[in-house]
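Engineer: Mind folding the following:
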Amino acid sequence: MDAYNLTTVTQFILIGLSDLPQVRYPLFVAFVIIYQMTLLGNGAILLAIVTERKLHTPMYYLLANLSLLDIFCPSTTVPKMLNNLLTEDHNISFVGCALQLYFLVALAGTEVFLLAVMAYDRYVAICFPLRYSLIMSTVRCVQMLVGTWVAGFLNSFMHTMATFSLSFCKSNRVNQYYCDIPPVVALSCSSTFIAEMLILLMGSIFGVGAFLITLISYIYIVSTILKIQSVEGKRKAFSTCASHLLVVFLFYGTTIFTYIRPSSSQHSPARDRLISMLYGVITPMLNPIIYSLRNTEVKGALRKVLRLRICSQKT
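Structural biologist: Numbering: from 1, shown residues only. The predicted model follows:
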């Protein structure tokens with residue numbers, strides 16, 4: 001019998017961050033502020049890159065895509081989470097849950113691939129500076145960017161189909177504040193072997209593959225930087241990579257913990273919600289701060305945009 005015919009669950013209930021009124025309202029205010037900072041910070045970087053011709057290079061095209069992802073990713077979960085904090089209605093429809101999971105996993109997967117491309121870009125810039133414009137041409141950069149988005153959304157399509165082809169006839173309470181693969185798979189009353197193996201297989205092939213590209217790129221980068229004779233040259237080279245490395249550590253540290261494990265393993269739901277909040281809500285807010293504070297060109301472009309905005313308001 002088809003798995004869809006066995007499915008009796010028509011909606012899911014998202015377990016919120018807290019049901020206590022004295023905690024819910026302060027959390028609502030805090031996450032509204034965080035979400036607004038995320039939108040403003042990443043929006044400012046996008047505006048700076050679009051308006052400043054000096055930033056029309058592959059490195060900043062990649063950064064612009066990271067900012068787009070950091071806007072889209074929390075936008076798939078935070079509005080619903082804010083609604084749940086204010087109301088007693090924690091329900092989400094079956095289709096709504098599937099769509100939320102699809103876009104969340106697609107955007108997270110795209111970011112994994114994008115971080116690998118950004119590492120390769122820095123590798124070419126530092127190890128082959130004279131050939132950089134030839135290797136990382138605008139056409140090549142666009143091809144890589146299209147590839148990251150297509151790969152991320154195709155990867156998510158397979159996971160979403162495998163997850164929602166399961167039958168759900170037990171509890172419909174998702175032990176998370178949004179629909180994600182591990183907590184949804186845990187609700188199935190049919191065999192979850194294929195869905196869990198797909199997580200491990202795709203994570204091993206694509207996730208570990210992208211991580212290895214990033215790691216190997218930085219091994220070569222560090223090796224090349226250490227050979228630079230001038231202290232100022234070393235400092236400048238390390239500075240261009242430090243922001244990206246920090247973003248990589250923040251992102252991989254939380255996503256690996258969340259996805260690269262069977263859903264049946266022993267774990268704390270509260271800890272899972274905290275970890276997922278770090279990569280789904282906090283990290284997108286921190287990324288523009290990390291890049292704008294360490295990148296003089298981005299800071300200069302942001303100041304220029306701000307001055308133009310102030311001048312236009314005065315006139």
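Engineer: for this structure, longest helix please?
Structural biologist: Identified as the longest helix of the chain according to DSSP state H is helix 94-127.
Engineer: Buried residues in that helix, which are they?
Structural biologist: Neighbour-count burial for helix 94-127, with 16 or more other CB atoms under 10 Å as criterion, is recorded at 94, 97-98, 100-126. In this view, the C-beta of every residue, glycine as well, is placed from N, C-alpha and C.
Engineer: Looking at it now, give me its mean pLDDT.
Structural biologist: Across helix 94-127, the average pLDDT comes to 93.
Engineer: other SSEs contacting that helix?
Structural biologist: Where contact means 3 or more CB pairs under 8 Å, 6 or more residues apart in numbering; DSSP states H and E, helix 94-127 is packed against strand 11-14, helix 58-75, helix 132-135, helix 138-164, helix 181-185, helix 208-226, helix 231-259.
Engineer: Please tabulate those in CSV, including the columns mean neighbour count.
Structural biologist: Below are those laid out as CSV (neighbours: other CB atoms under 10 Å):
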stretch, mean neighbour count
strand 11-14, 19
helix 58-75, 22
helix 132-135, 14
helix 138-164, 17
helix 181-185, 23
helix 208-226, 16
helix 231-259, 16
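Engineer: Compare the ones you listed and say which comes out lowest on pLDDT.
Structural biologist: Of all these, helix 231-259 has the smallest average pLDDT, which comes to a mean of 75.
Engineer: tilt between that helix and helix 94-127?
Structural biologist: Put simply, helix 231-259 runs at 160 degrees to helix 94-127, going by axes from the mean of the first three to the mean of the last three CA atoms, to 10 degrees.
Engineer: Does anything pack onto helix 231-259? Which helices or strands?
Structural biologist: On a contact count with 3+ CB pairs under 8 Å, 6+ apart, helix 231-259 meets helix 94-127, helix 181-185, helix 208-226, helix 269-277, helix 283-294.
Engineer: Minimum distance to residue 31: which of those has it?
Structural biologist: helix 269-277 (9.1 Å; CB to CB).
Engineer: got a list of contacts for stretch 123-141?
Structural biologist: Here stretch 123-141 makes contact (CB atoms under 8 Å, 6 or more residues apart in numbering) with 58-59, 61-62, 121, 217-218, 220-221, 224-225, 237, 240-241.
Engineer: And these, which is closest to residue 174?
Structural biologist: Nearest to residue 174 among the contacts of stretch 123-141 is residue 62, at 33.7 Å by CB to CB.
Engineer: Please look at the closest one and residue 120 and confirm they touch.
Structural biologist: No - contact criterion CB atoms under 8 Å: residue 62 and residue 120 do not qualify, at 9.7 Å.
Engineer: which residues are contacting stretch 280-295?
Structural biologist: So stretch 280-295 is contacted by 31, 34-35, 37-38, 41-42, 44-45, 63, 66-67, 69-71, 73-74, 77-78, 104, 178, 239, 242-243, 246-247, 250-251, 254, 298-299, 302 (CB under 8 Å, 6+ apart).
Engineer: now stretch 109-116
Structural biologist: Residues from elsewhere that reach stretch 109-116 (CB under 8 Å, 6+ apart): 62, 65-66, 69, 73, 145, 147-149, 151-153, 155-156, 206-207, 209-211, 213-214, 217, 244, 247-248, 251-252, 255.
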